[in-house]
Each structure stands twice: as C-alpha cells, then as structure tokens.
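K.L.:
here's a sequence, model it:
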Amino acid sequence: MAASIIDSRIFQGIFTTDAMRQVWSDENRTQKYLDIECALAKVQGRLGLIPQEAADEIVSHCHLDQIDLDLLRQQTERIGYPILGVVSQLNKLCRDKLGEYCHWGATTQDITDTATVLQVREALVLVDDELAAIAQALAKLAREHRLTPIIGRSNLQQAIPVTFGYKMAGLLSAVLRHRERIAQLAALMDAMVADHERSTGPWQIEWIVLPEAFCLLAGALKQMRTVVEGLQVDPVAMRRNIDMTGGLVMSEAVMMGLGPYIGREYAHDLVYDLCRQSLAENKPLLDLLEAHPEIKAHVDRAALARMLDPANYLGQSGVMVDRVLACMPAN
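P.N.:
Numbering: from 1, shown residues only. Next comes the predicted model:
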C-alpha cells in the first residue's frame with residue numbers, strides 16, 4: 001500500500017522516475033551500507049588493523065542477497081537506525097566469530113552519512129544527465145529559431161517582439177548554470193555547518209527530505225525534457241500573434257525611425273496619438289501613419305512597412321543567442 005505520490009503505482013510515473021526511486025530504495029541504501037563495510041574491512045585487513053582472514057570473510061558476505069530485509073526492518077524499528085542491524089547480520093554470517101571484526105572502529109554516523117553521500121552522488125548523475133539532455137534540446141531550438149520573431153511580454157501584456165531562439169537561449173542559460181552549480185556542490189557540502197555531532201532531529205529528517213526532493217526533481221526534469229524535446233514550433237502562429245494588434249507592438253520601432261526627421265520626443269507623442277486612433281477606429285497603424293502629413297513628408301509607405309516589420313527590430317536577440325550557445329560544453 002502506497003501512501004506517497006512517489007510510491008503510488010498510479011502516479012509515480014508522473015512525479016518521479018524508476019531510476020531515481022531505485023537510487024533511494026531500501027535495497028540500494030542497504031547495499032551502500034554493505035559497500036562501505038566491505039571497503040572498510042579491505043583497507044583494515046591490508047593495514048593489519050584486523051586479521052586478513054576476517055577481512056576476507058566479511059567481504060564475502062557484503063552482498064544484499066545475504067541480508068534478510070524483513071529482519072532488518074524489525075531490528076531498525078527496535079533500535080531506531082539500520083546500521084546495527086546490518087552489522088549484526090554480517091556478524092552472524094561470518095564463520096568462527098570473524099564477524100566480530102566487522103565495523104571495526106566505525107560509528108553508525110560514519111556508515112549512514114557515507115551511504116547517503118553515495119546515494120546523492122548517484123542521484124546527481126541522473127539529474128545532470130537529464131539537464132544535459134534538456135540543454136541539448138534547448139540549444140537545438142535556440143539555434144534553429146535564432147531569428148524567428150515571437151511576441152515579447154512585459155507587465156503581463158504584449159511588448160516589442162523578440163525571437164523564439166532568444167527565449168530558448170534564456171532557458172538554456174539557466175540550465176547551464178544549474179549544471180555548473182551541481183559541479184560545485186561537493187566543495188559547498190564540505191564546508192556545511194552542522195549542529196554538534198548531528199545526532200539530533202536534522203539527521204533523521206534528511207532520511208525523509210532527500211529522497212523526496214530528489215524523486216520529485218527527477219519527475220520535474222522528466223516532464224521538462226518531454227516538453228522541450230517534443231515541442232512543435234509554429235512560426236506562422238507566432239507571427240499571427242504579433243500582428244494581432246495591427247502593428248501597435250511595433251510603435252517603438254516607428255518612433256525611433258521617425259526620430260531623425262521630426263525629433264524623438266515629438267515622434268513619441270505623434271505615434272502615441274496615432275496608436276490611440278488605431279484602437280478607437282479599428283484601423284491598421286500603417287494606414288494612419290501613411291496618411292499623416294508630417295510623416296508623409298519624410299517617409300513613404302514602404303519605409304513605414306519596414307519599420308513595422310518585426311524581423312527588422314529584433315535588437316541583439318541573435319547575438320545573445322550566439323553567446324549562450326558558445327557556452328555549451330563540448331560533450
């Protein structure tokens with residue numbers, strides 16, 4: 001019976017991935033405990049801290065299929081943590097009381113925290129793999145639509161056009177920064193401040209929060225990857241959205257184009273009035289601009305049409321796309 005959305009047979013495919021659930025599973029966690037006990041015994045045997053015979057015997061039993069997980073659950077419920085149960089079972093598996101050397105000189109926190117770090121390492125590989133795939137998909141969209149106009153947004157309304165590639169490059173830039181930060185995590189965690197010996201509540205809370213956070217993150221990344229890899233771009237529809245206001249979104253371009261002839265401030269006021277007239281009379285801005293005597297004296301309809309063409313007023317969108325694409329790692 002599943003009480004969590006992560007373990008739900010119905011919902012788990014939406015909110016997480018099987019690969020991430022495996023990383024934080026009881027089986028993988030317990031195997032990590034065994035891997036650490038195995039490595040500890042090997043090194044201690046090599047250094048003469050424990051008999052080599054004991055080390056070899058302990059190593060031979062550090063396999064998940066030799067651990068009774070039902071018994072481990074009972075032991076954990078009684079003690080409060082699973083390490084003693086794992087060590088107890090390893091001890092009994094070893095012959096001639098050689099298992100007494102298992103866990104030699106170690107503490108519960110040594111094994112628990114090291115296992116958690118190994119799980120985090122595995123989980124971050126999955127996270128980075130998904131981010132890398134998302135980055136590749138975003139880079140492809142940014143490259144293909146470097147100069148494809150799309151309406152910009154400002155203050156919850158239409159603004160001057162940008163390019164779809166520029167929008168994708170903005171997302172790509174964020175994803176690339178996330179990958180950089182993940183690579184920096186090891187150094188940051190090494191400097192983390194912990195309360196006393198970490199034996200209070202926060203230690204146990206990690207067992208709850210870390211699996212849930214990573215599992216939900218995996219689900220979010222999977223959904224994002226599905227979206228960006230399957231995205232179908234419709235340039236015609238995007239151009240239709242730009243033209244929805246009859247040229248009003250290009251009023252800044254017209255103002256800047258008229259500025260050299262009639263002055264920028266006067267051009268601002270004049271274009272503003274014509275935009276209001278366009279809305280009030282439901283007439284295309286181009287027609288009103290062409291009909292105005294002060295404008296007609298300087299520019300013809302063809303020049304005005306070029307000013308109203310979003311492809312001619314994309315600013316540095318393409319340049320900024322190129323800068324982000326240049327930051328893509330080689331692999």
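K.L.:
scan this structure for its longest helix.
P.N.:
Determined from DSSP state H, the single longest helix within the chain is helix 108-144.
K.L.:
where do the strands sit along the stretch 101-250 of the chain?
P.N.:
Remark: strands assigned in the stretch 101-250 of the chain by DSSP state E, counting those that start in this stretch are 149-154, 157-163.
K.L.:
got CSV for these, with mean neighbour count and distance to residue 326 too?
P.N.:
In this view, the C-beta of every residue, glycine as well, is placed from N, C-alpha and C. Shown next, in CSV, are the strands of the stretch 101-250 of the chain (neighbours: other CB atoms under 10 Å; distance: least, CB to CB, whole Å):
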stretch, mean neighbour count, distance to residue 326
strand 149-154, 18, 22
strand 157-163, 18, 17
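K.L.:
looking at those strands, which is nearest to residue 38?
P.N.:
When the strands of the stretch 101-250 of the chain are compared by CB to CB, strand 157-163 sits nearest residue 38, at 55.2 Å.
K.L.:
how about the secondary structure of the closest residue to residue 94 other than its chain neighbours?
P.N.:
Excluding its sequence neighbours, the residue lying closest to residue 94 (CB to CB, 6 or more residues apart in numbering) is residue 57, at 4.7 Å. Assigned with DSSP: H, G, I helix; E, B strand; the rest coil, residue 57 falls in the helix class.
K.L.:
if we can go back for a sec, quick check: angle from the longest helix of the chain to strand 157-163?
P.N.:
80 degrees (axes from the mean of the first three to the mean of the last three CA atoms, to 10 degrees).
K.L.:
I'd like the average pLDDT over helix 108-144.
P.N.:
For helix 108-144, mean pLDDT rounds to 96.
K.L.:
again with stretch 322-331
P.N.:
91.
K.L.:
can you check stretch 292-309 too?
P.N.:
The model assigns stretch 292-309 a mean pLDDT of 95.
K.L.:
got the end-to-end distance for it?
P.N.:
Distance between the boundary residues of stretch 292-309 (CA to CA, to the nearest Å) amounts to 19 Å.
K.L.:
report the buried residues of stretch 18-25.
P.N.:
In terms of neighbour count (16 or more other CB atoms under 10 Å), stretch 18-25 has its buried residues at 20-21, 23-24.
K.L.:
again, but for stretch 29-47
P.N.:
29-38, 40-42, 44-45.
K.L.:
can I get the helix or strand of the chain with the lowest mean pLDDT in CSV, CA atoms only?
P.N.:
Every helix and strand of the chain was ranked by mean pLDDT, DSSP states H and E. The lowest is helix 12-15, at a mean of 88. Presented in CSV, the C-alpha positions along helix 12-15 are these (Å, rounded to 0.1, in the frame of the first residue of the first chain):
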residue,chain,number,x,y,z
GLN,A,12,4.7,7.6,-9.7
GLY,A,13,5.3,7.7,-13.5
ILE,A,14,4.3,11.4,-13.5
PHE,A,15,6.0,12.6,-10.4
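K.L.:
mind giving me the packing neighbours of it?
P.N.:
In terms of contacts (3 or more CB pairs under 8 Å, 6 or more residues apart in numbering; DSSP states H and E), helix 12-15 is packed against helix 201-230.
K.L.:
what secondary structure does residue 9 sit in?
P.N.:
coil.
K.L.:
excluding its backbone neighbours, what's nearest it?
P.N.:
Nearest one to residue 9, counting by CB to CB, 6+ apart, is residue 2 at 6.5 Å.
K.L.:
verify the stated contact: the one you found with residue 21.
P.N.:
No - if you go by CB atoms under 8 Å, residue 2 and residue 21 don't touch, sitting 11.3 Å apart.
K.L.:
overlap in contacts, these two.
P.N.:
residue 12 (CB atoms under 8 Å, 6 or more residues apart in numbering).
K.L.:
quick one: contacts for the closest residue to residue 304 other than its chain neighbours?
P.N.:
Leaving out its chain neighbours, the residue that sits closest to residue 304 by CB to CB, 6+ apart is residue 289, at 5.0 Å. Contacts for residue 289 (CB under 8 Å, 6+ apart) come out as 254, 271, 274, 295, 304.
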